[in-house]
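Engineer: Okay, predicted coordinates and the sequence, questions at the end:
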Amino acid sequence: MSETRTFADVEEFTAAVGEPLGTGPWYEVTQDQVNLFADATEDHQWIHVDLEKAAAGPFGAPIAHGYLTLSLIPRLGADIYRIRNLRMGINYGLNKVRFPQPVTVGSRIRAHAELVSVTPGAQGSQAVVRWTIEIEGAPKPACVAETVALLVA
């Protein structure tokens, strides 16, 4: 794990294109989170919320929704890097998302971030960050995603 990397501004952040931004600390995924996410999205599939059935199912335990894992990127990334002198950062989209391995409830995950590109535009700069969400002790990552954010200075 590395310390939080702090950039003075978008220009300094842009200079880091192609570099790893760092790795965050481990974070435990709980059943309470999964249940709340199921309620928020109305996705109550048994593999997420039925503890008995999920324990006897293909993963041996309940699993987090893939989109829950994806939605944790802002939380996991907060300990990796920050940019000062920003008015705001806005989610602009995703270029690619894959979920190679499910996250069983009680697992610990962490994020690795790499700055792929920063492109100036009329409303701000578009930053593409490649995230790899690792599961402690697992051979494959839980999620690999390229996020696109609009950075407004």
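Structural biologist: All right, it came through fine.

Engineer: C-alpha only now, for contacts and for neighbours.
Structural biologist: OK.

Engineer: Contacts for the longest helix anywhere in the chain, please.
Structural biologist: With DSSP state H setting the assignment, residue counts place helix 31-41 as the longest helix in the chain. Residues lying outside helix 31-41 but in contact with it, judged by CA atoms under 8 Å, 6 or more residues apart in numbering, are 43-44, 48-49, 62-65, 68, 105-106.

Engineer: What subset of those is buried?
Structural biologist: 44, 48-49, 62-65, 68, 105 (16 or more other CA atoms under 10 Å).

Engineer: who are the neighbours in contact with residue 91?
Structural biologist: Taking CA under 8 Å, 6+ apart as the criterion, residue 91 is in contact with 147-150.

Engineer: related to what we said a few turns ago, if you look at the buried ones among the contacts of helix 31-41, which of them are in strands?
Structural biologist: Counted as lying in strands by DSSP state E, out of those, is not a single one.

Engineer: quick one: low-confidence parts of this protein?
Structural biologist: 1-2 (pLDDT under 70).

Engineer: Any chance of the backbone angles for residue 65?
Structural biologist: When read as degrees, to the nearest 10, the backbone of residue 65 gives phi -60, psi 140.

Engineer: er, residue 11 actually
Structural biologist: Backbone geometry at residue 11, expressed as degrees, to the nearest 10, gives phi -60, psi -40.

Engineer: What count of nearby residues applies to it?
Structural biologist: 14 (other CA atoms under 10 Å).

Engineer: Alpha carbons of the strand ranked longest in the chain, in PDB - could you do that?
Structural biologist: With DSSP E setting the assignment, residue counts place strand 108-120 as the longest strand in the chain. These are the backbone C-alpha positions of strand 108-120, laid out as PDB (Å, rounded to 0.1, in the frame of the first residue of the first chain):
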ATOM      1  CA  ARG A 108     -11.300  -7.900   1.600                       C
ATOM      2  CA  ILE A 109     -10.700  -5.900  -1.600                       C
ATOM      3  CA  ARG A 110      -8.400  -3.100  -2.600                       C
ATOM      4  CA  ALA A 111      -7.900  -0.900  -5.600                       C
ATOM      5  CA  HIS A 112      -4.900  -0.300  -7.800                       C
ATOM      6  CA  ALA A 113      -5.100   2.800 -10.000                       C
ATOM      7  CA  GLU A 114      -3.200   3.800 -13.100                       C
ATOM      8  CA  LEU A 115      -3.600   7.100 -15.000                       C
ATOM      9  CA  VAL A 116      -4.300   6.200 -18.700                       C
ATOM     10  CA  SER A 117      -4.900   9.700 -20.200                       C
ATOM     11  CA  VAL A 118      -6.000  13.200 -19.500                       C
ATOM     12  CA  THR A 119      -7.500  15.100 -22.400                       C
ATOM     13  CA  PRO A 120      -8.300  18.900 -22.200                       C
END
